[in-house]
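A.B. asks: model this:
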Amino acid sequence: MTACFFVGFSTGKSEGISQGAITCKRQLQHRTIDELKSDLAEKERDIILEYIDVQTDIKSKDEGGFWRTNYVQYLRGGIRNAAAISKVKDVRIRVDFFSKTESKIGSQIFTIYEYIAPGQLIKIKEKINPLEGAVHFEIEVEGVDVEK
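C.D. replies: From the prediction side, this is the model:
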């Protein structure tokens, strides 16, 4: 009797799973492309920071002219939007500066006022004032706005 119950339960469970898969497939077949795009865009908006990649370095440039030296530091690199649908703008980047003892000695925040389409890489060049005693830095994207 127990074996019959187990076989009946297992068979019913597997039939229920396959029926659920068929129902799900039918629902997806009846959705329009615009509905699917809208769902994907909504999911991307929820985790948009995972799609934004920043690769930068700090470069020095002599802007002093012919007779004098004046080195200026620039944060240079690129920002890539790896999302499939969502266009972003106004990327907020935080640069943390660290001493040789790995102590955080300060931060600067920049907003890059550009539109970045899905799959696009934009170049950035921002004037930066590294703190005295900083030997390395880390960059983090604090936020972005998603274009609607």
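A.B. asks: parallel or antiparallel, which strands does the strand or helix carrying V72 pair with?
C.D. replies: If you go by DSSP states H and E, V72 is part of strand 71-81. Strand 71-81 has the following strand partners under DSSP bridges: strand 52-62 (antiparallel), strand 121-128 (antiparallel).
A.B. asks: mind listing what's buried in whichever helix or strand comes after the shortest one?
C.D. replies: Read it as strand 121-128. As assigned by DSSP H and E, the chain's next helix or strand after strand 121-128 is strand 136-146. By neighbour count on 16 or more other Cβ atoms under 10 Å, the buried set for strand 136-146 is F137, I139, V141, V144, V146. (C-beta placed from N, C-alpha, C; glycine too.)
A.B. asks: S86: which of those residues is nearest?
C.D. replies: V146 (5.2 Å; Cβ to Cβ).
A.B. asks: contacting residues for the residue most central in space within the chain?
C.D. replies: In the chain, the residue lying closest to the centroid (Cα atoms, centre = their mean) is I52, at 2.5 Å. Applying Cβ atoms under 8 Å, 6 or more residues apart in numbering to I52 gives the contacts I79, R80, N81, A82, V88, V91, I116, V141, V144.
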